[in-house]
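*Asks:* Take this sequence and fold it.
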Amino acid sequence: MAHPKRKISRTRRDKRRTHYKAVAPQIATCPTTGEAHLYHRAHWFEGKLYYRGQVLIDNSVAEENAA
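*Replies:* Okay, the predicted model is just below:
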């Protein structure tokens, strides 16, 4: 079983880990609703599912019919 011959110092270990960074997600604004959302993701707004400015699913009509 492989194991290190010498202890890796904190400095050496941390130098190796410098490339792991947390990246802030890009936020887009919907041209239709003005709602902020993640890029390439659909988002809900007032009972409707929007993607690229178009309505994919309209739950507001289904809720009115059920009531």
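
*Asks:* Surely Arg17 is in a helix?
*Replies:* Yes: checked against DSSP: H, G, I helix; E, B strand; the rest coil, Arg17 lies within a helix.

*Asks:* okay, now it: neighbour count?
*Replies:* 8 (other C-beta atoms under 10 Å). Bear in mind the C-beta positions are built from the backbone N, C-alpha and C, glycine included.

*Asks:* Same check on the one 3 residues further on?
*Replies:* Each residue near Tyr20 was counted by other C-beta under 10 Å, and the total is 6.

*Asks:* what's the distance between it and Arg13?
*Replies:* 12 Å (C-beta to C-beta, to the nearest Å).

*Asks:* now Cys30
*Replies:* As judged by C-beta to C-beta, Cys30 and Arg13 stand 44 Å apart.

*Asks:* Please say which of those two ends up with more neighbours.
*Replies:* Neighbours per residue, other C-beta under 10 Å: of Cys30 and Arg13, the larger number sits with Cys30, 15 against 10.
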